[in-house]
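Visitor: Kindly return the folded structure for what I paste below:
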Amino acid sequence: MTSEAQADGGVRGRVGAEGGEGVVRFEARCAAVVEEVWAALTDRHRLQQWLGDLRGDLRQGGAFTATFTSSGWEGTGQVEVCAPPHRLVVHTQSADELAARFEVTLTPDGGGTALVVEDHGLPLEQVAAYAAGDQIHVEDLLAHLAGRPRCEPRTRWAELHAVYLEQAATLG
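Guide: Below is the predicted model of the structure:
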């Protein structure tokens, strides 16, 4: 991993490359306790409030289909690891994208939670676009946990994409 992104909204993002594929990593801290963050990530009703529609099984080995509101992503997923309330790993696939691995790790941090989100297996030439979209999802999660509305995704994506394009250029 290389190239740390401009910190924005409390989210630090980095783009990188591993084995010829793009990787993005985000780190953030939120005031909510680990169990509250976990519930926002795994309860269908809560997911619908900040991420989008998810149908299926979020337990280990479970399969699901999803449509994400802010990014418009539609696809399927398989839960590889579901270790409440600290670690969730899913493999995702959509009609026009390669399979990817999305991992969330939650760690108690004082009275709140340290959140780490990684997205692996991305097309290297599109890593900046994925980073911008993924960061919007992380920011929407944090807004949900703080009782704030989601961002306006098109404007926010354009802002973030410019930052991540600069960083992706250093991956050469």
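Visitor: now the helices: where do they sit in the chain?
Guide: Using DSSP state H, the helices of the chain run over 34-42, 44-50, 127-145, 153-169.
Visitor: TSV please, covering these and showing mean pLDDT.
Guide: Listed next are those as TSV, based on pLDDT from 0 to 100:
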stretch	mean pLDDT
helix 34-42	97
helix 44-50	94
helix 127-145	96
helix 153-169	95
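Visitor: so Arg12 makes contact with Arg29?
Guide: No: judged on C-beta atoms under 8 Å, Arg12 makes no contact with Arg29 at a distance of 9.7 Å. All C-beta spots, glycine's among them, are computed from the backbone N, C-alpha and C.
Visitor: which residues are in contact with both of the two?
Guide: With contacts taken as C-beta atoms under 8 Å, 6 or more residues apart in numbering, not a single residue reaches both Arg12 and Arg29.
Visitor: hmm, back to that, out of the helices of the chain, deepest packed?
Guide: helix 127-145 (a mean of 23; mean count of other C-beta atoms under 10 Å).
Visitor: what packs against that one?
Guide: In terms of contacts (3 or more C-beta pairs under 8 Å, 6 or more residues apart in numbering; DSSP states H and E), helix 127-145 is packed against strand 11-18, strand 21-30, helix 34-42, helix 44-50, strand 112-122, helix 153-169.
Visitor: what's the angle from that helix to strand 21-30?
Guide: Interaxial angle, helix 127-145 versus strand 21-30 (axes from the mean of the first three to the mean of the last three C-alpha atoms, to 10 degrees): 20 degrees.
Visitor: got the contact list for stretch 31-40?
Guide: Contacts to stretch 31-40, defined as C-beta under 8 Å, 6+ apart, come from residues 30, 46-47, 50, 84-86, 106-108, 111-113, 115, 141, 144-146.
Visitor: give me that answer again for 6 Å
Guide: Arg46, Pro84, Pro85, Leu106, Pro108, Gly112, Thr113, His144, Leu145 (C-beta atoms under 6 Å, 6 or more residues apart in numbering).
Visitor: Compute the number of surrounding residues for the closest residue to Gln48 other than its chain neighbours.
Guide: Nearest residue to Gln48 in three dimensions, chain neighbours excluded: Leu54, at 7.4 Å (C-beta to C-beta, 6 or more residues apart in numbering). Neighbourhood size, Leu54 [other C-beta atoms under 10 Å]: 18.
Visitor: Model confidence score at the nearest residue to Ala83 once chain neighbours are set aside, please.
Guide: Nearest-residue entry for Ala83: Gln60, 8.0 Å, with adjacent residues in sequence omitted and distances by C-beta to C-beta, 6+ apart. Note on Gln60: pLDDT of 95.
Visitor: In contact with the spatially most central residue of the chain, which residues?
Guide: Central residue of the chain (C-alpha atoms, centre = their mean): Asp134, 4.4 Å from the mean position. With contacts defined as C-beta under 6 Å, 6+ apart, Asp134 is in contact with Val24, Asp119.
Visitor: Nice, that's everything, thank you.
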